[in-house]
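> Give me the fold of what follows.
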Amino acid sequence: MAIPLIDSHVHLWPQAHLPTIAWHSDNNPLGAQYSVDEYHSATNHSSSVSTLSSSSPRSVSSSTYLRGFIYLEVDRVSSADEAGEHGWRHVLDEVSYVTRIATGNPVIGEGHSASQRELLLAFVPWAPIPQGPAALERYMSLVRERTLADEVWLKVRGVRYLVQDKPLGTMLTQEFVDSLKWLGRQKLAFDLGVDARQGGLEQLRQAVTMMRRVYDGVGEKEQVVIIISKFSSPTLSSLRESMLSKCNADHLCKPNLHIRPEDTVQGHPQFSEWKRLITTMAAEPATYMKLSGLFSELPSTLADAQIGDLVDHMLPWLDVVFDTFKPHRIMFGSDWPVCNLGGGGDGSWAKWKAVVECILDRRRLTDGQRVDIWGGTAVRAYGLDLAGHD
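Below you'll find the predicted structure:
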């Protein structure tokens with residue numbers, strides 16, 4: 001039986017909206033339209049990649065089918081304060097764009113059609129988390145107005161506020177903590193984006209402290225689901241790294257994959273500290289991890305490596321994630337189109353899927369565990385209701 005695949009981390013934007021995106025510049029490699037048409041094409045891209053791994057007991061490359069995706073906000077120009085310089089205008093316009101995808105009513109040239117509306121299973125807009133619950137509640141009321149109909153509003157399954165480029169201490173303010181507790185009461189998830197490589201391990205340490213405060217004294221039914229993931233902006237300052245397959249896309253808390261295997265990864269102090277912090281995060285049962293975004297963290301010497309060789313390089317970090325979070329709290333995500341910068345252009349989506357297939361083979365996961373990775377975990381973490389869609 002084919003397994004439904006839910007891509008838990010996708011970013012989309014029409015060409016006309018590029019000036020409203022915070023990381024956009026004339027020379028940015030992602031400075032083009034990446035909407036549903038382009039995504040659909042990428043997922044159907046004919047790829048010759050194969051696992052090429054003698055240790056893989058089987059291949060499951062033909063056992064999944066794309067059920068749909070979860071849209072993550074793309075870092076629009078904004079201010080956490082509604083009255084700030086940029087305010088909430090562009091992020092609310094982003095909600096309207098996603099609403100048009102969900103209802104199948106595109107503006108001419110936006111790159112989607114009515115026939116593709118069922119692909120959008122949920123979306124995660126930006127939200128002013130640092131402003132506290134009152135501002136967050138007001139903002140979410142405006143989001144609801146922009147969704148126009150209850151059926152679209154119900155697809156809002158969480159929010160995101162990137163912290164990797166914010167001052168240290170942002171996550172530790174009482175307003176930030178209280179906002180996440182408010183999300184838990186509303187049954188909305190929080191996508192957490194932290195950057196251990198560029199932001200330093202202190203950012204992970206503060207994330208651990210923040211989680212403890214968010215869950216302290218909160219009953220299990222009101223705990224906010226925290227999904228560890230992030231989309232970093234490929235700004236001009238990081239453009240050179242982007243071209244070297246080291247763009248700022250980040251998931252798994254952006255580990256330092258530039259530690260060479262011959263340097264004994266497990267004994268490296270950065271790896272040891274990262275492992276300790278990931279293990280601490282995983283101890284909270286309401287936390288989840290996205291299996292995505294690692295292409296951009298690989299050394300440029302692995303740009304043309306075979307799938308099996310890529311997995312060999314990633315395994316020390318991946319083993320930590322699987323051993324601590326377990327498959328029932330890990331979900332597949334492509335981080336498309338950011339994965340194109342480090343994953344091989346148009347074939348990057350298929351290539352990352354092949355990498356994940358090889359990972360699951362290496363870990364010798366059961367059929368039930370594979371169902372979790374490919375979509376079951378995303379359904380639970382985001383509280384998706386797929387009734388009537390199948």
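> correct me, but Val95 touches Glu145?
No: Val95 lies out of contact with Glu145 (CB atoms under 8 Å); the separation is 9.1 Å. Just so you know, the C-beta spots here come from the backbone N, C-alpha and C atoms, and that holds for glycine as well.
> higher neighbour count, those two?
Val95 (23 against 12; other CB atoms under 10 Å).
> hang on, that one in a helix?
Yes: residue state for Val95 (DSSP: H, G, I helix; E, B strand; the rest coil) corresponds to a helix.
> Look up the closest residue to it, ignoring the ones flanking it.
The shortest distance from Val95 to any non-neighbouring residue, by CB to CB, 6 or more residues apart in numbering, is to Arg146 (4.2 Å).
> Who are the packing partners of the strand or helix carrying the one you found?
For Arg146, the host element (DSSP states H and E) is helix 133-147. Contact partners of helix 133-147 among helices and strands, from 3 or more CB pairs under 8 Å, 6 or more residues apart in numbering; DSSP states H and E: helix 89-103, helix 150-153, helix 174-185.
> And the contacts of that helix?
Here helix 133-147 makes contact (CB atoms under 8 Å, 6 or more residues apart in numbering) with 80-82, 88, 92, 95-96, 99, 102, 125, 127-129, 153, 155-156, 159, 178-179, 181-183, 186.
> Which of these are buried, as a PyMOL select command?
Buried residues among the contacts of helix 133-147 (16 or more other CB atoms under 10 Å), as a PyMOL selection:
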select buried, resi 80+88+92+95+99+102+125+127+128+129+153+155+156+159+178+179+181+182+183
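> can you give me phi and psi for Ile226?
Dihedral pair for Ile226: phi -110, psi 120, per degrees, to the nearest 10.
> need the contact list for it.
Contacts of Ile226 were listed using CB under 8 Å, 6+ apart, and they are 180, 189-190, 192, 211, 214, 284, 286-288.
> Likewise for Ser8?
Here Ser8 is in contact with 69-70, 227, 229, 290, 292, 331-333, 378, 382 (criterion: CB under 8 Å, 6+ apart).
> about what we covered before: for the helices and strands packed on helix 133-147, give me a markdown table that also has mean pLDDT and distance to Leu136.
Below are those laid out as a markdown table (pLDDT from 0 to 100; distance: least, CB to CB, whole Å):
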| stretch | mean pLDDT | distance to Leu136 |
| --- | --- | --- |
| helix 89-103 | 98 | 13 |
| helix 150-153 | 96 | 16 |
| helix 174-185 | 98 | 5 |
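> of those, which approaches Leu310 most closely?
The closest of the helices and strands packed on helix 133-147 to Leu310 is helix 89-103. By CB to CB, the value is 32.0 Å.
> And the next helix or strand along the chain from the closest one, what does it pack against?
Per DSSP H and E, the first helix or strand lying C-terminal to helix 89-103 is strand 120-124. With contacts taken as 3+ CB pairs under 8 Å, 6+ apart, strand 120-124 sits against strand 64-72, helix 89-103, strand 158-160.
> what's the most buried one of these?
Mean neighbours per residue, mean count of other CB atoms under 10 Å, is largest over the helices and strands packed on strand 120-124 for strand 158-160, with a mean of 24.
> what's it packed up against?
Packing partners of strand 158-160 (3+ CB pairs under 8 Å, 6+ apart): strand 120-124, strand 189-192.
> rerun that using 10 Å as the cut-off
Applying 3 or more CB pairs under 10 Å, 6 or more residues apart in numbering; DSSP states H and E, we find strand 158-160 packed against strand 64-72, strand 120-124, helix 133-147, helix 174-185, strand 189-192, strand 226-228.
> what stretches of the stretch 1-150 of the chain score poorly on pLDDT?
Along the stretch 1-150 of the chain, segments meeting pLDDT under 70 span 46-62.
> Now the element after the host helix or strand of Val321, going C-ward?
Element membership for Val321 (DSSP H and E) is helix 307-325. Counting by DSSP H and E, the next helix or strand C-terminal to helix 307-325 is strand 330-332.
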